[in-house]
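Student: Fold the following, please.
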Amino acid sequence: MLSIEKGVLPYFTHRQTTIGKISILMGNPIRVAIIECIAKNKSCFDDEFIAKHQISVTVLKKNLRALNKGGLITRFSVGRNQASIYKINWVKLQEFKNLFDEFYQDSHIYFGTDTK
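Tutor: The predicted structure is shown next:
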C-alpha cells in the first residue's frame, strides 16, 4: 500500500511543484502590483497604493500575508509602533525565474522548436 505524506506531491518534480505554487501566488494581479511596488518603493502600505488600485486595507493585508506565507516577501517590524516593512525574497524569485526559464527551454526542445 502506498502511503502519501501530507503536503507532499509524489508524482511531480520540484520544478513542477515550485512553478505551480508560485504561479498560484502570482496569479492575482494585486499581488503582482504589490511585488512591483515593494521593488520600487521598499513598501506599499500607503494610501496612494490603496487608492490607485481601488482596494481596501483589508485586501492589501490579506495579499501581503499570502505573499509572505508563500515566501515571496518577508515582513519586518520596526520602530516603537512595530510598523511593517516588506522586502522581496529575491532568492525565491530568482529560483522561480530559473525554473521557468528551464521549463521554457525544455518545452521548445520537446516540441522541436528553436528558442534562439
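Student: If you count residues, where's the longest helix of this structure?
Tutor: Identified as the longest helix of the chain according to DSSP state H is helix 90-111.
Student: tell me which strands and helices that helix is in contact with?
Tutor: If contacts are counted by 3 or more C-beta pairs under 8 Å, 6 or more residues apart in numbering; DSSP states H and E, helix 90-111 sits against helix 14-26. Where you see a C-beta, it was placed from the backbone N, CA and C, and this is true even at glycine.
Student: contact partners of the following helix or strand past the helix it packs on?
Tutor: Reading on from helix 14-26 to the C-terminus, the next helix or strand found by DSSP states H and E is helix 29-41. Residues from elsewhere that reach helix 29-41 (C-beta atoms under 8 Å, 6 or more residues apart in numbering): 25-26, 43-44, 49, 53, 55, 59-60, 63-64, 66-67, 72-73, 86-88, 93.
Student: What residues does the closest residue to Ile22 other than its chain neighbours make contact with?
Tutor: Distances taken as C-beta to C-beta, 6 or more residues apart in numbering put Phe96 closest to Ile22, at 4.6 Å, once the chain neighbours are dropped. For Phe96, the contact set (C-beta under 8 Å, 6+ apart) comprises Thr18, Ile19, Ile22.
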